[in-house]
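Undergrad: Okay, structure incoming, though there's no sequence with it:
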Ligand code: GLU
């Protein structure tokens, strides 16, 4: 069998959708599984819908996910160029060849005529589509148009009858009646090819063996199969991955936040969690298991595992995956990954030194059990990183724990013993806090809470003694002083 060659062919018309990136991922997995090639081709033939920066975001999304490519717009390759807008001559030549063999023709119909035709068809409830007026134009009319330089498009001469059949790797035996297909445009009047034309010509020239794409392209496939036949080429294997639905089982709208792929990066999901989740979004190993490493997925990925029913984008499941992956991260990794989010929130400078990195690592270690996304890090950990005179005291907490007699006294006692503690570690710190409660003959909670509020500004957080250990002696003493000052100013 020929070497597997697959492609991801984004149109740079907007932000990458989760469906787009899943298509890329399945192609990549299939290539890596089979020792084949994975290439990226930019389908930029629709100049009106071109969005500046869209190519860069597509490539960024793939890199973030850890999907690499063997040929593509940025690295070139033996089948380039990989921008369709740079391949116009190739399409033109192939269109001329189809005209010469009678499989395509020039159509001179004006936009006005086509609009009227459509209006007429819609009014009468007829199927819309081109009525083939130019298909058998008398030779003298063609000559006149040529002499006058009338603008034209090139249309495919669809067989008038017969059935087109092919086997889809997911949907099985497919068959369409040719008569329900109209003569679609291959070349536009501005010399650019349509999607159908450029897609088929390039898949052939780039020796693509398998076209793996979303189900929404299934209705285009009979046209493509007929075009391959008209060219006298064998068509690749078509593989249509089923639609992705929302949890409500409705088609995911493009505007939904969970559909926009880069939101996962922004919101602090780990690429390996998204990779694991997305590989199983319409593909199954047949095992009752959720967690797979990248290597395990590559090893197992094959076309029969693509499922026939729609895939569901279950956002709770994504959050679950993320939690599992975050908890499994080695601490140094967790700190490194959380850093950009802390920097974006202004909690860490652009170039933290070694001591600061070490401190952040210890902070993140305390949050590792609770954190669901990296984007939560600033909000969970800000008190660790804000200056000792900047972290904010929660008003309710102040009300409850500082506005009462004895509050300052408790903190002074704790401070005094903290200062002389030789081994600054959780166990010794706990002993002190409990010891103060004993001396005052009150419940430990009545010391624990004010100490926590004094040091962190709030009433909840990771274990108190671990928190104090990480804050360190100097910070803790400064913070106790600040809280004592605050309490004194209250009364
Ligand atoms: N350019 C098309 C897209 O935006 C590619 C479809 C295909 O893979 O044939 O998805």
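TA: Sure, I can see it. If you're wondering where the values come from, they're calculated on a predicted model, not measured in any experiment.

Undergrad: At the geometric centre of this structure, which residue sits there?
TA: residue 261 (2.6 Å; Cα atoms, centre = their mean).

Undergrad: can I assume that residue is in contact with residue 21?
TA: Yes - counting by Cβ atoms under 8 Å, residue 261 touches residue 21, with 4.8 Å between them. Any C-beta I mention is one placed from the backbone N, CA and C, and that applies to glycine too.

Undergrad: got the residues of the stretch 201-350 of the chain near the ligand?
TA: 213, 217 (Cβ under 6 Å from any ligand atom).

Undergrad: Which positions in stretch 339-346 come out as buried?
TA: 339, 341-342 (16 or more other Cβ atoms under 10 Å).

Undergrad: Make JSON lines out of those residues and add pLDDT and secondary structure.
TA: As requested, the buried residues of stretch 339-346 are arranged in JSON lines below (pLDDT from 0 to 100; DSSP: H, G, I helix; E, B strand; the rest coil):
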{"residue": "339", "pLDDT": "94", "secondary structure": "helix"}
{"residue": "341", "pLDDT": "95", "secondary structure": "helix"}
{"residue": "342", "pLDDT": "96", "secondary structure": "helix"}
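
Undergrad: Return the member of those residues nearest to residue 64.
TA: Residue 64 has its nearest neighbour among the buried residues of stretch 339-346 in residue 341, at 14.5 Å by Cβ to Cβ.

Undergrad: Where does pLDDT dip in the chain?
TA: Residue ranges of the chain with pLDDT under 70: 491.

Undergrad: Let's see that with 90 instead.
TA: Along the chain, the model assigns pLDDT under 90 to residues 1-2, 47, 127, 247-258, 331-333, 349-357, 404-405, 490-491.

Undergrad: Tell me where it has strands.
TA: 5-8, 37-40, 104-107, 153-156, 163-168, 172-177, 185-187, 210-214, 237-241, 244-245, 311-312 (DSSP state E).

Undergrad: deepest of these, which one?
TA: strand 5-8 (a mean of 26; mean count of other Cβ atoms under 10 Å).

Undergrad: all helices for the stretch 201-350 of the chain, in order.
TA: For the stretch 201-350 of the chain, the helices defined by DSSP state H, counting those that start in this stretch cover 221-231, 262-266, 271-279, 294-300, 315-328, 331-344.

Undergrad: Show me what the first one packs onto, helices and strands only.
TA: For helix 221-231, the elements it packs on are helix 88-100, strand 153-156, strand 163-168, strand 172-177, helix 195-205, strand 237-241, judged by 3 or more Cβ pairs under 8 Å, 6 or more residues apart in numbering; DSSP states H and E.

Undergrad: before we move on, what about the third one?
TA: Using 3+ Cβ pairs under 8 Å, 6+ apart as the contact definition, the elements that helix 271-279 packs against are helix 18-34, helix 54-65, helix 294-300, helix 315-328.

Undergrad: so can I have a markdown table of those helices showing distance to residue 398 and mean neighbour count?
TA: Supplementary listing: those in a markdown table, determined by distance: least, Cβ to Cβ, whole Å; neighbours: other Cβ atoms under 10 Å:
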| stretch | distance to residue 398 | mean neighbour count |
| --- | --- | --- |
| helix 18-34 | 45 | 23 |
| helix 54-65 | 42 | 18 |
| helix 294-300 | 49 | 15 |
| helix 315-328 | 32 | 17 |
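
Undergrad: Smallest distance to the ligand belongs to which residue of the stretch 301-450 of the chain?
TA: residue 306 (15.2 Å; Cβ to the nearest ligand atom).

Undergrad: What is the burial count for the closest residue in space to that residue that isn't next to it in sequence?
TA: What sits nearest to residue 306 in space, not counting adjacent residues and going by Cβ to Cβ, 6 or more residues apart in numbering, is residue 170, at 4.9 Å. By the criterion of other Cβ atoms under 10 Å, residue 170 has 18 neighbours.

Undergrad: State the phi and psi torsions of residue 170.
TA: phi -110, psi -50 (degrees, to the nearest 10).

Undergrad: What separation is there between it and residue 210?
TA: Going from residue 170 to residue 210 by Cβ to Cβ, to the nearest Å gives 12 Å.

Undergrad: Mutual contacts of those two, please.
TA: Both residue 170 and residue 210 are contacted by 239, 303, under the criterion Cβ atoms under 8 Å, 6 or more residues apart in numbering.

Undergrad: thought the residue of the stretch 301-450 of the chain closest to the ligand was touching residue 214?
TA: No - if you go by Cβ under 8 Å, residue 306 and residue 214 don't touch, sitting 11.7 Å apart.

Undergrad: shared neighbours of those two, anything?
TA: Residues touching both residue 306 and residue 214 by Cβ under 8 Å, 6+ apart: residue 241.

Undergrad: Look up the closest residue to residue 194, ignoring the ones flanking it.
TA: residue 185 (5.1 Å).

Undergrad: Quick check: the one you found vs residue 258, distance?
TA: According to Cβ to Cβ, residue 185 and residue 258 sit 35 Å apart.

Undergrad: got a list of contacts for stretch 116-124?
TA: So stretch 116-124 is in contact with 126-131, going by Cβ under 8 Å, 6+ apart.

Undergrad: Next up, the contacts around the residue nearest to the centre of the chain.
TA: By Cβ under 8 Å, 6+ apart, the neighbours of residue 261 are 15-18, 20-21, 61.

Undergrad: Repeat that for residue 184.
TA: 130, 155-156, 158, 194, 196, 223.

Undergrad: do the same with residue 85
TA: 42, 44-45, 47, 192.

Undergrad: now swap in residue 374 and tell me
TA: For residue 374, the contact set (Cβ under 8 Å, 6+ apart) comprises 268-270, 326, 337-338, 341.
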